[in-house]
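Peer 1: The sequence and its predicted three-dimensional model are supplied below.
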2 protein chains.
Amino acid sequence: MSKMSNNDQVKIFLEEKELPKQWYNIQADMPNLPKPPLNPATKQPVGPEDLSAIFPMDLIMQEVTTERWVDIPEEVQELYRLWRPSPVYRAKRLEKFLDTPAKIYYKYEGVSPSGSHKLNTSIPQAYYNKKAGIKRLSTETGAGQWGTALSQACSFFGLECTVYMVNISFKQKPYRRSFIELFGANVIASPSDHTEAGRNILAKDSDALGSLGIAISEAVEDAVSREDTNYALGSVLNHVILHQTVIGTEAKAQLAKVDQYPDIVIGCCGGGSNFAGLSFPFIKDNLTENKKARVIAVEPSACPTLTKGKFAYDFGDTAKLTPMTMMYTLGHDFVPAGIHAGGLRYHGDSALVSQLYHDGLIEAIAYGQNDTFASAIKFAKAEGIVPAPEASHAVHGAIVEALKCKESGEAKTILFGLSGHGHFDLTAYDAYLGGQLENIEYSDDAAQASLACLPKFK
Amino acid sequence: MSKMSNNDQVKIFLEEKELPKQWYNIQADMPNLPKPPLNPATKQPVGPEDLSAIFPMDLIMQEVTTERWVDIPEEVQELYRLWRPSPVYRAKRLEKFLDTPAKIYYKYEGVSPSGSHKLNTSIPQAYYNKKAGIKRLSTETGAGQWGTALSQACSFFGLECTVYMVNISFKQKPYRRSFIELFGANVIASPSDHTEAGRNILAKDSDALGSLGIAISEAVEDAVSREDTNYALGSVLNHVILHQTVIGTEAKAQLAKVDQYPDIVIGCCGGGSNFAGLSFPFIKDNLTENKKARVIAVEPSACPTLTKGKFAYDFGDTAKLTPMTMMYTLGHDFVPAGIHAGGLRYHGDSALVSQLYHDGLIEAIAYGQNDTFASAIKFAKAEGIVPAPEASHAVHGAIVEALKCKESGEAKTILFGLSGHGHFDLTAYDAYLGGQLENIEYSDDAAQASLACLPKFK
């Protein structure tokens, strides 16, 4: 092996003073804004007052603003600096293992104390709620990443926090529950007897395993019913995506330090906040600076919202409590198969991501979970880091593109988002290594059935 | 809150080109070298040939060299660069929470892919074994940190790896086992029927829970009985400590970047490699540059080897297979209480750390586990990172010293080692938060009994 040169550098850091001071809002640059969200009862566009029962006005304003740049409050920056700017790594050992001429870079959000990108939005959400005089936040969590992140953020700002955790996760992921409780949050297995929504389910089945849809209903009901409490959501909404753009803004500055610009940007996509956080600052350059980066959203074949869903108005939750938004959806009644990438098991996509996909400004592709686990293990053996099952979708997407470069001989620059580590997902790897998993496909029959629930308009 | 100034910086990074090129060997500077290790059969000093059945000659030479600096091979540096130089953080939020004038810095080794400092030595150990033509390494693991690190290192160098995992940990920590297996190692619950030592135990008790002592015996027997296999140890030995000195060498350079030098250096201490890795480069300055940093080893009150043990020749393992070394020991038959800081449950201490303590060059103090968990949670709520139970001992030591500064009004600079994260130790936090743990003390009666096993000399 040769002596180290600059080209051997594998980690690209920014200094703390280079932390972005503003979030990027793609609503300023996208050719077509999403159609407005509709009140589920009246089917009329929702106004700020419709949302004020569960969100503080600062976040509602961020939801609708078309300003290009939104200032990050100093208090939020101070907490971001606990781990941000997060590193970009050059995956040199993976490149060598794949024998590809491609340059593979990844932005690693697993260095966050909560282990994923979710803390980027839980901190400003807690901050704005605190500022608005709110004492307590309620939320739901499935796999647990979001519950952990909100619990930490509430702890930082001295807010109480209640997390409705899908019952089956509550039982299967005791470490996640412990992590959330360690930061002082109250974790309640959902369905619970704390809410009307929960009690209705329990009356039918006292051992109900629960679902994200039910947990959302409980958390929203909790927030609506108490004056001191607001609700917090970890993905999908415009303000959540806004907060996540620190990822891509940093990554662009980091690649610039090594004179690189990505030919391809890849992120895993569930509700869309991780994908959008990484990619929107690059889509901005495509829209405004004549750049031509391909931007690819990778989703699970078991829940292929962009690639197999319908672009239509739908509800964000099963219980139809949320506004209807225009999105790619498999139908709010669709229950995705129990794949291990729990964070990608969402029936729809964010309105912003959906609109960009509809307008042909991003690509999407779906992969089976066995393929993503196989790639995740290749990545781990090369780079050391064990990816979360969600992030493994982006890993797989990057490996597919890098192998295409091997075929074509092109030395493309690939940037992908490694949104979190897999330290709490090792039973999933166990199941994969034990041959217990399969690539689950979304069938056309399933599509017919699940899309039948879409709301009708006259 | 004020605008950011340089003084607000919380993370201090080195560039990759600042990665140390040499390990520091304290044997060049300490006033008294440890007495030589003795062959357990002959009670005569062991020579290199005694060790060559299980270690490659490069590591045996590192065990005995008195050269001050030992070159880090380029191949090892390349792998170190996956995560090194590791960050030093200023614990500003913790300082504020404690309302102390002290400046608290911590060197965080949890950014390593294996989650702790152990990878610093598993990589060179795998490298030198590979270089010597060895195909396979055997080792033991208790809590799992070492097994994970060796498994990763073997994966990097294409070596096979067999990990004898203490049976009770094998059952209680399935995530750790999965992590080790993900990197291709073979994990065997110990006692096992793979070795004579294991079969002897199983004949008496087919459900034996196992112990580190038994697992070491099995791993050593495995290595001795196969020509292609060597043994690897994760702490205690001189060459292991040598490899860990990258921690302290980096930390010194990082503090220099912010014009700081520690008044107090604190590390948790089990076998001693983490403590030594952080502190030896500072002890060097005390010995050769007239610096006066206090250096404090923190150990658990349930296993207080330095503070309550005897300075005597003793075996490194229960089965008396290893050489006898001069160390602070509670007796090789001592079975520490089942505290959650599994990495600190060792009956003895490294010869180097023991000699320095005997010569009054370091301090030691023991704390109960409830006190350390309470401090760990304070730390986590301030800084976000959940410490491993072992590292929580250093956290507690640092908080105690910071509160003394509050009392005295002194603005001392405290540096402690955060040797790993606690992502695989959340059941321990659960038990603490559930009120199920207690501060376990080592009684004088226990001392009398456990020290009775020390080898006699004529």
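Peer 2: Here it is on my side, so go on. Numbers count the residues shown, from 1 in each chain, chains lettered A, B, ... in the order given.
Peer 1: residues from the stretch 351-458 of chain A in reach of chain B?
Peer 2: A:377, A:380-381, A:383-386, A:423-424, A:426-427, A:429-430, A:433 (Cβ under 8 Å from any Cβ of the partner chain). In short, each C-beta sits where N, CA and C put it, glycine included.
Peer 1: I'd like to know which of those residues is nearest to chain B.
Peer 2: Comparing those against chain B with Cβ to the nearest Cβ places residue A:384 closest, at 2.8 Å.
Peer 1: All the helices of the stretch 301-450 of chain A, in order from the start?
Peer 2: All helices of the stretch 301-450 of chain A, identified by DSSP state H, counting those that start in this stretch, fall at A:305-308, A:351-358, A:369-383, A:389-408, A:426-433, A:444-451.
Peer 1: where does chain A have low pLDDT?
Peer 2: A:1-7, A:458 (pLDDT under 70).
Peer 1: Can you show me the helices along the stretch 151-300 of chain A?
Peer 2: So, for the stretch 151-300 of chain A - with DSSP H, counting those that start in this stretch - the helices run A:167-172, A:174-182, A:196-204, A:212-225, A:238-244, A:246-257, A:273-288.
Peer 1: of all those helices, which lies closest to chain B?
Peer 2: helix A:174-182 (3.9 Å).
Peer 1: Figure out how far that closest one is from the centre of its chain.
Peer 2: A distance of 20 Å separates the centroid of the chain from that of helix A:174-182, by Cα atoms, centre = their mean, to the nearest Å.
Peer 1: Then stretch A:434-444?
Peer 2: With Cα atoms, centre = their mean as the basis, stretch A:434-444 stands 22 Å off its chain's centre.
Peer 1: sorry, back to before: for the helices of the stretch 151-300 of chain A, give me a markdown table that also has mean neighbour count.
Peer 2: Formatted as a markdown table, the helices of the stretch 151-300 of chain A follow (neighbours: other Cβ atoms under 10 Å in any protein chain shown):
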| stretch | mean neighbour count |
| --- | --- |
| helix A:167-172 | 19 |
| helix A:174-182 | 22 |
| helix A:196-204 | 16 |
| helix A:212-225 | 24 |
| helix A:238-244 | 26 |
| helix A:246-257 | 22 |
| helix A:273-288 | 26 |
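Peer 1: closest to residue A:325 out of those?
Peer 2: Among the helices of the stretch 151-300 of chain A, helix A:238-244 comes nearest to residue A:325, with 9.8 Å by Cβ to Cβ.
Peer 1: which residues are in contact with that closest one?
Peer 2: For helix A:238-244, contacts defined as Cβ atoms under 8 Å, 6 or more residues apart in numbering or on different chains pick out A:23-27, A:59, A:62-64, A:70, A:117, A:120-121, A:124-125, A:233-234, A:272-274, A:276-278, A:280, A:350-353.
Peer 1: helix, strand or coil for whichever residue of the stretch 51-200 of chain A sits closest to chain B?
Peer 2: Nearest to chain B, among the residues of the stretch 51-200 of chain A, is residue A:113, at 2.9 Å (Cβ to the nearest Cβ). Three-state call for residue A:113 (DSSP: H, G, I helix; E, B strand; the rest coil): coil.
Peer 1: before we move on, the earlier item: could the helices of the stretch 301-450 of chain A go into a markdown table alongside mean neighbour count?
Peer 2: Formatted as a markdown table, the helices of the stretch 301-450 of chain A follow (neighbours: other Cβ under 10 Å):
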| stretch | mean neighbour count |
| --- | --- |
| helix A:305-308 | 23 |
| helix A:351-358 | 24 |
| helix A:369-383 | 22 |
| helix A:389-408 | 24 |
| helix A:426-433 | 20 |
| helix A:444-451 | 14 |
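Peer 1: would CSV of those helices with distance to residue A:153 be doable?
Peer 2: Listed next are the helices of the stretch 301-450 of chain A as CSV, based on distance: least, Cβ to Cβ, whole Å:
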stretch, distance to residue A:153
helix A:305-308, 27
helix A:351-358, 23
helix A:369-383, 28
helix A:389-408, 20
helix A:426-433, 25
helix A:444-451, 34
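Peer 1: Would you mind listing the residues in contact with residue A:57?
Peer 2: By Cβ under 8 Å, 6+ apart, the contact list for residue A:57 reads A:48, A:132.
Peer 1: Next one: it from residue A:128, what distance?
Peer 2: The gap separating residue A:57 from residue A:128 is 8 Å, by Cβ to Cβ, to the nearest Å.
Peer 1: ditto for residue A:335
Peer 2: 33 Å.
Peer 1: Compare the two and say which is more crowded by neighbours.
Peer 2: residue A:128 (24 against 16; other Cβ atoms under 10 Å in any protein chain shown).
Peer 1: quick one: which helix or strand includes the nearest residue to that one once chain neighbours are set aside?
Peer 2: Spatially, and ignoring its direct neighbours in sequence, residue A:128 is nearest to residue A:58 (4.2 Å; Cβ to Cβ, 6 or more residues apart in numbering or on different chains). Using DSSP states H and E, the element containing residue A:58 is helix A:57-64.
Peer 1: Beyond that helix, next helix or strand please.
Peer 2: Following helix A:57-64 toward the C-terminus (DSSP H and E): strand A:69-71.
Peer 1: Point out the other helices and strands that whatever helix or strand comes next after that next one packs with.
Peer 2: Going down the chain from strand A:69-71, the next helix or strand is helix A:74-80, by DSSP H and E. Using 3 or more Cβ pairs under 8 Å, 6 or more residues apart in numbering or on different chains; DSSP states H and E as the contact test, the elements touching helix A:74-80 are helix A:119-131.
Peer 1: The helix it packs on: what's the following helix or strand?
Peer 2: Per DSSP H and E, the first helix or strand lying C-terminal to helix A:119-131 is strand A:136-141.
Peer 1: Give me every residue in the stretch 101-250 of chain A lying close to chain B.
Peer 2: A:111-115, A:152, A:155-156, A:174-175, A:178-179, A:181-184.
Peer 1: 7 Å instead?
Peer 2: Contact residues (Cβ under 7 Å from any Cβ of the partner chain) of the stretch 101-250 of chain A with chain B: A:111, A:113, A:152, A:155, A:175, A:178-179, A:181-183.
Peer 1: of all the helices of the stretch 151-300 of chain A, which lies closest to residue B:224?
Peer 2: Taking Cβ to Cβ, helix A:174-182 is the member of the helices of the stretch 151-300 of chain A nearest to residue B:224, at 37.7 Å.
Peer 1: Go ahead and produce CSV holding the CA coordinates of that closest one.
Peer 2: Taking C-alpha atoms only, helix A:174-182 is exported to CSV below (Å, rounded to 0.1, in the frame of the first residue of the first chain):
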residue,chain,number,x,y,z
PRO,A,174,-37.3,-3.2,24.6
TYR,A,175,-34.0,-1.5,24.0
ARG,A,176,-35.7,1.3,22.1
ARG,A,177,-38.3,1.7,24.8
SER,A,178,-35.5,1.9,27.4
PHE,A,179,-33.6,4.5,25.3
ILE,A,180,-36.7,6.6,25.1
GLU,A,181,-37.4,6.3,28.8
LEU,A,182,-33.8,7.1,29.7
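Peer 1: Now do that helix against helix B:369-383, angle only.
Peer 2: On the basis of axes from the mean of the first three to the mean of the last three Cα atoms, to 10 degrees, helix A:174-182 is oriented at 80 degrees to helix B:369-383.
Peer 1: list the helices and strands helix A:174-182 packs on?
Peer 2: helix A:145-157, strand A:186-190, helix B:426-433 (3 or more Cβ pairs under 7 Å, 6 or more residues apart in numbering or on different chains; DSSP states H and E).
Peer 1: what's the angle between that helix and helix A:426-433?
Peer 2: Using the same axes, to 10 degrees: helix A:174-182 against helix A:426-433 is 160 degrees.
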